[in-house]
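Chemist: I'd like to go over a predicted model; first the sequence, then the structure.
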Amino acid sequence: MQEDPSVPRDEATFTVKAGLAEMLKGGVIMDVVTPEQARLAEDAGAAAVMALERVPADIRRDGGVARMSDPAMIRGIQEAVTIPVMAKARIGHFAEAQVLEALEVDYVDESEVLTPADEANHIDKWAFKVPFVCGATNLGEALRRIGEGAAMIRSKGEAGTGDIVEAVRHLRMIRAEIRRLGTLDDGELATAGKELGAPAHLVRQVASEGRLPVVLFCAGGIATPADAALVMQLGAEGVFVGSGIFKSEDPERRARAIVEATTHFRDPARVAAASTGLGQPMLSLETSKLETEQLLAPRGW
Amino acid sequence: MGSEPKVGPRVGVLALQGDFEAHAKLLESLGAHPSEVRVPGDLERLDALVIPGGESTVMTLGVEREGLAEPLRALAARGTPVLGTCAGLILLDRDHLGVLDVRAERNAFGRQLKSFEADLELQGVEGGPVHAVFIRAPWVAEYGSEVEVLARLDDHPVAVRQGNVIAVAFHPELAGERRVHRLLLARNGRG
């Protein structure tokens, strides 16, 4: 293909980066570890796949340092599907992100599910052409990531548990803090920005628009169609499902059901129909029974 | 009818997945009344329809699951103005709903790193080039004689019209570009 030189193109603008997240809205992004799983996810209606070597439930079980996936595995998944392919880099590990950009993944997830590589700094995401999604547990964290160049935010939840409680906590926190900003005057906003530890211009933007400047998805603990409907009603604009699909008894049916519930999240009859006869969900862990060092959400800041 | 308050056109936006909210917002700014379409009943009494951007595979599965294919074809066949953007262009093509006599090629410009913004002359739109955002965009690989090409890029049509249906490979709704949607609303009520 010849690029027509008479029409100048701006690539990798923030509009283009955040724009892909707009296209994913109302959709389900599924963790996959093989090309076969990727194809199954695409056929079941995944809006994108996250290519990784181990789903969070297995990372949690195996312990040790969790790193970026083998490029061969990511390429295999890129070749298997036509939908966007995302992949994870460790927090602060910009060289892993450079590798993922060289592989031409469609989105990089700077993820607390992997073992952090830098305890002080996240990746400078403005330095990349590839867009980034980052996790957040509250509004300040979300705006810090956007300030660093993230083009999409996901609430963190607690990955690999199948327990929705942390995802709900984080979404409600982000939503409540956005609402609160809307009630403040300019002087109070400056103080709020300081308290949130967030860039002042982003704080003012959120206060005036009543929403994050980028698309907000929910991740970490979604295991059922009703979980998806819950977080969508709490303001998520789409969902990531990690271990919840391929660690369940019937991944194909569950994948389709979560897609259906994400589209019809306001229609309880449709969520009920989607929830019917799916077999066993993933083996789940109650987050409140985990030891502090087993928690992933506090990674990053 | 005369007793009803004067309202703008009712424009359905297919809301199975994708950037339907961006379209709704833009339509509202033009005085139209957008509504979300997820099931066949949502198509009743619409003056126009938008099929937004998103993942065409997801929307295709959704159209099948909801039984929307026939009602969507019927709506277009009745002459209701329809606008498809990006995935919307793909859904309207020969291999999907078959409303447009074109074959769209998915991800024709490449992966996300090849996504871009550009200014394009669009036939039928006055006031200078439109600002177009191409995201993992398709183009038209083949088209029939009834299809009017409104814009080309890299030797392939990226904006087409066939009767009451307009489809573009890019996203005017992400760039605050309102003139493409004005074309849709202008066709409302025209023979």
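Modeler: Yep, it's here.

Chemist: Quick check: bridge partners of residue B:157?
Modeler: residue B:152 (DSSP bridges).

Chemist: Can you verify my assumption that it contacts residue B:139?
Modeler: Yes. Residue B:157 lies in contact with residue B:139 (Cβ atoms under 8 Å); the separation is 6.7 Å. For the C-beta atoms, the positions are set from N, CA and C on the backbone; glycine is no exception.

Chemist: any low-confidence regions in chain B?
Modeler: Along chain B, segments meeting pLDDT under 70 span B:1-6, B:188-191.

Chemist: now the stretch 51-200 of chain A
Modeler: Those would be none, if you go by pLDDT under 70 across the stretch 51-200 of chain A.

Chemist: just the strands in the chain please.
Modeler: Just going to use chain A. Counting by DSSP state E, chain A has strands at residues A:10-11, A:28-32, A:48-51, A:85-90, A:107-111, A:132-136, A:152-155, A:215-218, A:239-241.

Chemist: actually chain B
Modeler: Counting by DSSP E, chain B has strands at residues B:10-14, B:33-37, B:48-51, B:82-85, B:102-105, B:116-120, B:130-134, B:139-143, B:148-153, B:156-162, B:165-168.

Chemist: Mean neighbour count added to the ones you listed, as JSON lines?
Modeler: Shown next, in JSON lines, are these (neighbours: other Cβ atoms under 10 Å in any protein chain shown):
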{"stretch": "strand B:10-14", "mean neighbour count": "25"}
{"stretch": "strand B:33-37", "mean neighbour count": "19"}
{"stretch": "strand B:48-51", "mean neighbour count": "27"}
{"stretch": "strand B:82-85", "mean neighbour count": "29"}
{"stretch": "strand B:102-105", "mean neighbour count": "22"}
{"stretch": "strand B:116-120", "mean neighbour count": "20"}
{"stretch": "strand B:130-134", "mean neighbour count": "24"}
{"stretch": "strand B:139-143", "mean neighbour count": "19"}
{"stretch": "strand B:148-153", "mean neighbour count": "19"}
{"stretch": "strand B:156-162", "mean neighbour count": "23"}
{"stretch": "strand B:165-168", "mean neighbour count": "27"}
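
Chemist: Which one, of the ones you listed, ends up nearest to residue A:219?
Modeler: Between residue A:219 and these, the tightest spacing by Cβ to Cβ is seen for strand B:33-37, at 24.4 Å.

Chemist: do that closest one and chain A meet?
Modeler: No. Applying Cβ under 8 Å from any Cβ of the partner chain, one finds strand B:33-37 separated from chain A by no less than 9.6 Å.

Chemist: isn't residue A:20 right next to residue B:115, touching?
Modeler: Yes. Using Cβ under 8 Å, residue A:20 is in contact with residue B:115, at 6.8 Å.

Chemist: More neighbours: those two, which one.
Modeler: Taking neighbours as other Cβ atoms under 10 Å in any protein chain shown, residue A:20 and residue B:115 compare with residue B:115 leading, 27 against 22.

Chemist: Identify the residues contacting residue 52.
Modeler: Because you didn't say which chain, this covers chain A. Going by Cβ atoms under 8 Å, 6 or more residues apart in numbering or on different chains, residue A:52 touches A:31, A:32, A:33, A:69, A:87, A:88.

Chemist: try chain B instead
Modeler: B:13-15, B:18-20, B:22-23, B:85-88, B:173.

Chemist: before we move on, what about residue B:84?
Modeler: Here residue B:84 is in contact with B:50, B:51, B:90, B:91, B:92, B:100, B:165, B:166, B:167, B:168 (Cβ under 8 Å, 6+ apart).

Chemist: cutoff 6 Å now
Modeler: Residues in contact with residue B:84 (Cβ atoms under 6 Å, 6 or more residues apart in numbering or on different chains) are B:51, B:92, B:167.

Chemist: Tell me the one of those residues nearest residue A:9?
Modeler: residue B:167 (20.9 Å).

Chemist: ok, residue B:25 to chain A distance?
Modeler: Distance of residue B:25 to chain A, given as Cβ to the nearest Cβ, to the nearest Å: 11 Å.

Chemist: So that residue versus residue A:22, what's the distance?
Modeler: Remark: distance between residue B:25 and residue A:22 (Cβ to Cβ, to the nearest Å) = 11 Å.

Chemist: still on that earlier bit, overlap of the contact sets of residue A:20 and residue B:115?
Modeler: residue B:135.

Chemist: isn't residue A:156 right up against residue A:220?
Modeler: Yes. In this structure, residue A:156 is within contact of residue A:220 by Cβ atoms under 6 Å, at 5.3 Å.

Chemist: Between these two, tell me which one has more neighbours.
Modeler: residue A:220 (34 against 30).

Chemist: With adjacent residues omitted, what lies nearest to the more buried one?
Modeler: Closest residue to residue A:220 in three dimensions, ignoring its sequence neighbours and counting by Cβ to Cβ, 6 or more residues apart in numbering or on different chains: residue A:157, at 2.0 Å.

Chemist: do the same with residue A:131
Modeler: The shortest distance from residue A:131 to any non-neighbouring residue, by Cβ to Cβ, 6+ apart, is to residue A:17 (3.5 Å).

Chemist: so what pLDDT did the one you found get?
Modeler: What the model reports as pLDDT for residue A:17 is 98.

Chemist: Tell me how many other residues crowd it.
Modeler: Counted with other Cβ under 10 Å, residue A:17 comes out at 25.

Chemist: which outside residues touch stretch B:96-113?
Modeler: Contacts for stretch B:96-113 (Cβ under 6 Å, 6+ apart): A:20, A:104, A:106, A:129, B:72-73, B:76, B:89-94, B:134, B:136-144, B:146-147, B:162, B:165, B:167.

Chemist: Next, the distance between the ends of it.
Modeler: End-to-end distance of stretch B:96-113 (Cα to Cα, to the nearest Å): 27 Å.

Chemist: Could you pull out the buried residues of that stretch?
Modeler: B:96-97, B:99-102, B:104-109, B:111-113 (16 or more other Cβ atoms under 10 Å in any protein chain shown).

Chemist: next one: stretch A:112-130
Modeler: Residues A:112, A:113, A:114, A:116, A:117, A:122, A:123, A:125, A:128, A:130 are the ones in stretch A:112-130 that count as buried (16+ other Cβ under 10 Å).

Chemist: Return the closest of those residues with respect to residue A:60.
Modeler: Proximity of those to residue A:60 (Cβ to Cβ) peaks at residue A:113, which lies at 8.9 Å.

Chemist: can you tell me how far the residue most central in space within chain B sits from residue B:45?
Modeler: Nearest to the mean C-alpha position of chain B, by Cα atoms, centre = their mean, lies residue B:84 at 1.4 Å. Distance of residue B:84 to residue B:45, computed by Cβ to Cβ: 21 Å.

Chemist: Appreciated, that's everything.
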